[in-house]
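Trainee: below: sequence and its predicted model.
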Amino acid sequence: MEEIDHLGHERSKIEFDVEAMKIVWAGSQRALEVSDRISRLVASDPIFRKDDRTILSRKELFNTTLRKSAHAWKRIIELRLTEEEASRLRFYIDQPAFMDLHWGMFIPAIKGQGTEEQQKKWLPLAYKMQIIGCYAQTELGHGSNVQGLETTATFDPKTDEFILHSPTLTSSKWWPGGLGKASTHALIYSRLITDGQDHGVHGFIVQLRSLDDHLPLPGITIGDIGIKFGNGAYNSMDNGVLRFDHVRIPRDQMLMRVSQVTREGKYLQSDVPRQLVYGTMVYVRQTIVSDASCALSRAVCIATRYSAVRRQFGSQDGGPETQVIDYKTQQNRLFPLLASAYAYRFVGEWLKWLYTDVTQRLQANDFSTLPEAHACTAGLKSLTTSATADGIEECRKLCGGHGYLCSSGLPELFAVYIPACTYEGDNIVLLLQVSRFLMKTVSQLGSGIKPVGTTAYMGQVEHLMQCHCDVQRAEDWLKPSVILAAFQARAARMSVACAQNLSKFSSQEEGFAELSADLVEAAVAHCQLIVVTKYIEKLQQAIPGKGVKEQLAALCNIYALSLIHKHQGDFLANGCITPKQASLVNWQLRSLYAQVRPNVIGLVDAFNYTDHYLGSILGRYDGNVYPKLYEEAWKDPLNDSVVPDGYHEFIRPMLKQQLRTARL
Ligand SMILES: CCCCCCC/C=C/C(=O)SCCNC(=O)CCNC(=O)[C@H](O)C(C)(C)COP(=O)(O)OP(=O)(O)OC[C@H]1O[C@@H](n2cnc3c(N)ncnc32)[C@H](O)[C@@H]1OP(=O)(O)O
Ligand SMILES: Cc1cc2nc3c(=O)[nH]c(=O)nc-3n(C[C@H](O)[C@H](O)[C@H](O)COP(=O)(O)OP(=O)(O)OC[C@H]3O[C@@H](n4cnc5c(N)ncnc54)[C@H](O)[C@@H]3O)c2cc1C
């Protein structure tokens, strides 16, 4: 049967080269080729089906995780996939699994914190999947406060071993993904004790389960922590609990790049800053920013395609009703999210560069950019995950009632995504780290230390405290220099105001505690400035393809102006813009919406997502929503029988009783 493209009329209106935009989104022609090939490979393999995930029991769901992971590994070996291709494969399988922690945290932690010798021993085993590792930092009693962890690793010089112990209930490891059922090994973050002295938290490689029968080793109690939010969703992951009862490991299983314990039990600290123990978190936070663009673009793709298919009201002379995407309110909610997806993509690319740069510097013992890397990864992780979680929920509402059906793909996407606001650092706790960095920068102004990198704008603080926005007409808001000046003035003024208020307290700690809400807002303003700046810098590069740069520029303006509109209180209160200029922002936004409207289907097609990856009837490429929704409903297990199973036991007696009562 001939397939009809219900979005064909939309696609015929697109004014730019979608294929060229696909390359921009993927990052390069080669990255697009890899993504395209691997996503199709996954979509065509029945083992990777996921349409039944929300109706599986926990055990069945976890079983599919094991099956999919084993099958993925088999395919990786058979097809000799590269590390990049294998990582794309896991991405498109789209099911949280122990493999994510093995490849995403266990291996990077050994690489970042292990000595060369330790890397030589452990990495080949991990790369060949001869051991499965997880990252076990968080405990029942402490997650954010890493220095408050209670698990101990006490050195025993008699046997040249560490003794791992969980002294209290709250010291039980709690949450690590992959720990519950799959991992054979873990990176345990634990207090190091030598000769009765506590040296704080360090990383240790510990074997948890037998490599022969998978049973826990002596002294180890281990299991899954239970069902989490949402059907399917993150429940495919075995987040675990772990307790140690005086478990012994050899001394060389402490990761010793940052500090060492000698055979005699002497504690030695190298020149490397102790914060490198937190290095894996910096790495993962950076990857989470790119992941935010993926999750948000996926929700936006669904909501955009469906908004072009869905019609309500406005029929004239019996003609078709209005596509809901043509309502300005729909555009005002949806288009800034589309723009954010692109903005996060580009800031994610930049953050990857920053991380690579800092890693190279660290290898050469240059630690100067570590504080900036920490602040940027922490802040952008927080900003992008919070906005993405809210954005996915907004996309669900943009799809009206049908968005609430699991077959829309949105409930599961939301449930899988929201813990990103908490894991790898609670978003508020991370913003407070950014504000510490900002307050330090402000306090050093005038001391001769020139702010660099993302805080370079603070170098012109005197100008930024007084400058006035140069906007007279709505079109003036399209000038990158005007946008940047407004965001810089707002961020600088909020940071300086916090610093001035902090100076009124007798101690820094007291001031930080009292002003933490303001400090968080200043950190958000700084992080939004980074995203806007990096998007504008991206547009200064050569971007080939008919109309591609124009569309990206329009989205950049939508991103920046919608933020000015949303946070206009900040911009007005600090005197960065006037009420008249704030109202011109809205005029310009409406005009930008009209400019991108014919292109929005092209802009979401450029994500190049297969229907399998999207997992949404509302977001189908062909827009054939209604027949497929109707078909899908009949697949629900409740519809296996016409009369429900409990009819004779519950419904019938109730009805009969009502009949008797009515007769009385
Ligand atoms: C691919 C994988 C898929 C993802 C799946 C998700 C799996 C999830 C995994 C996890 O969640 S793992 C557990 C993650 N846990 C956290 O993120 C905990 C959050 N807490 C922290 O990071 C820290 O404890 C803290 C909040 C930063 C505070 O640490 P601490 O009390 O030690 O530090 P401070 O006294 O505040 O600061 C001291 C000094 O160190 C600097 N700093 C802090 N962190 C880092 C870092 N990561 N890198 C570099 N520097 C860091 C901080 O800025 C301070 O600097 P100065 O002000 O002294 O200059
Ligand atoms: C799905 C999922 C997967 C995870 N995977 C792993 C894993 O693989 N390995 C691992 O080790 N851990 C993992 N974690 C744990 C995760 O890293 C922690 O939950 C996270 O770091 C937050 O810490 P917490 O739970 O202690 O939150 P808390 O710190 O207890 O936060 C509770 C509330 O207190 C607030 N708060 C805390 N401190 C402050 C402060 N100083 N100032 C102001 N407000 C504050 C927070 O904002 C929050 O609102 C995972 C968690 C989840 C949900």
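Mentor: Arrived safely, thanks for sending. Because the structure is a prediction, the values reported are computed rather than measured. Ligands and ions are numbered 1, 2, ... in the order given.

Trainee: now do the contacts for the residue of the stretch 51-200 of the chain found nearest ligand 2.
Mentor: Across the stretch 51-200 of the chain, the shortest distance to ligand 2 (CB to the nearest ligand atom) belongs to Gly143, at 2.3 Å. The C-beta positions use only the backbone N, C-alpha and C, and glycine is treated the same way. Neighbouring residues of Gly143 by CB atoms under 8 Å, 6 or more residues apart in numbering: 137, 175, 426.

Trainee: among the residues you listed, which are in reach of ligand 1?
Mentor: Gln137 (CB under 6 Å from any ligand atom).

Trainee: output the contacts of Gly143 in a markdown table; the columns should cover neighbour count.
Mentor: Output for these, formatted as a markdown table (neighbours: other CB atoms under 10 Å):
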| residue | neighbour count |
| --- | --- |
| Gln137 | 25 |
| Trp175 | 20 |
| Asp426 | 14 |
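
Trainee: among the contacts of Gly143, which lie within helices?
Mentor: Judged by DSSP state H, helices contain none of those.

Trainee: nearest to ligand 1, of the contacts of Gly143?
Mentor: Set against ligand 1, the nearest of these by CB to the nearest ligand atom is Gln137 (4.5 Å).

Trainee: which residue, other than its chain neighbours, is closest to the closest one?
Mentor: Ranked by CB to CB, 6 or more residues apart in numbering and with sequence neighbours excluded, the top spatial neighbour of Gln137 is Tyr189, at 4.2 Å.

Trainee: am I right that His202 is in contact with Leu192?
Mentor: Yes - between His202 and Leu192 a contact is recorded at 4.4 Å, counting by CB atoms under 8 Å.

Trainee: find residues that contact each of the two.
Mentor: 153, 254.

Trainee: Val42: neighbour count?
Mentor: 24 (other CB atoms under 10 Å).

Trainee: quick one, what contacts it?
Mentor: Counting by CB under 8 Å, 6+ apart, Val42 makes contact with 48, 89, 92-93, 610, 612-613.

Trainee: helix, strand, or coil at it?
Mentor: Three-state call for Val42 (DSSP: H, G, I helix; E, B strand; the rest coil): helix.

Trainee: next helix or strand past the biggest helix by length in the chain?
Mentor: Using DSSP H, we find that the single longest helix of the chain is helix 328-363. Following helix 328-363 in sequence order, the next helix or strand is helix 370-398 (DSSP states H and E).

Trainee: chain center to that following helix, what's the gap?
Mentor: Distance of helix 370-398 from the chain centroid (CA atoms, centre = their mean, to the nearest Å) equals 7 Å.

Trainee: how about that helix and ligand 2, touching?
Mentor: No - judged by CB under 6 Å from any ligand atom, helix 370-398 stays clear of ligand 2, getting no closer than 10.3 Å.

Trainee: pull out the buried positions in that helix.
Mentor: Buried residues in helix 370-398, counting neighbours by 16 or more other CB atoms under 10 Å, are found at 370-389, 391-396, 398.

Trainee: need the strands for the stretch 201-350 of the chain, in chain order.
Mentor: 220-224, 240-244, 247-250, 259-261, 267-269 (DSSP state E, counting those that start in this stretch).

Trainee: next, Gln316: phi, psi?
Mentor: The phi/psi pair for Gln316 (degrees, to the nearest 10) reads phi -120, psi 130.

Trainee: what of Val600?
Mentor: Backbone dihedrals for Val600, given as degrees, to the nearest 10, come out at phi -70, psi -30.

Trainee: now Leu187
Mentor: Per-residue torsions, Leu187: phi -90, psi 110 (degrees, to the nearest 10).

Trainee: quick check: it touching Tyr135?
Mentor: Yes - here Leu187 reaches Tyr135: they are 5.3 Å apart, a contact under CB under 8 Å.

Trainee: about what we covered before: what mean pLDDT does the longest helix of the chain get?
Mentor: Across helix 328-363, the average pLDDT comes to 97.

Trainee: helices and strands around it, which ones?
Mentor: Under the contact definition 3 or more CB pairs under 8 Å, 6 or more residues apart in numbering; DSSP states H and E, helix 328-363 sits against helix 279-309, helix 370-398, helix 516-539, helix 548-566, helix 579-596, helix 600-605.

Trainee: can you add distance to Lys628 and mean pLDDT and give those helices back as JSON lines?
Mentor: Listed next are the helices and strands packed on helix 328-363 as JSON lines, based on distance: least, CB to CB, whole Å; pLDDT from 0 to 100:
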{"stretch": "helix 279-309", "distance to Lys628": "11", "mean pLDDT": "98"}
{"stretch": "helix 370-398", "distance to Lys628": "18", "mean pLDDT": "98"}
{"stretch": "helix 516-539", "distance to Lys628": "36", "mean pLDDT": "98"}
{"stretch": "helix 548-566", "distance to Lys628": "29", "mean pLDDT": "98"}
{"stretch": "helix 579-596", "distance to Lys628": "27", "mean pLDDT": "98"}
{"stretch": "helix 600-605", "distance to Lys628": "18", "mean pLDDT": "98"}
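
Trainee: among those, which is nearest Leu484?
Mentor: Proximity of those to Leu484 was assessed by CB to CB; the nearest stretch is helix 516-539, lying at 6.5 Å.

Trainee: hmm, the closest one touching ligand 1?
Mentor: No - if you take CB under 6 Å from any ligand atom as the test, helix 516-539 misses ligand 1, and the best it gets is 12.4 Å.

Trainee: look up how far ligand 1 lies from the nearest residue to Glu161 once chain neighbours are set aside.
Mentor: Spatial nearest neighbour of Glu161, excluding adjacent residues (CB to CB, 6+ apart): Arg248 at 4.5 Å. Using CB to the nearest ligand atom, to the nearest Å, we find Arg248 at a distance of 25 Å from ligand 1.

Trainee: cool, Ala126 as well?
Mentor: 14 Å.

Trainee: in three-state terms, how would that residue be classified?
Mentor: Following three-state DSSP, we place Ala126 in the helix state.
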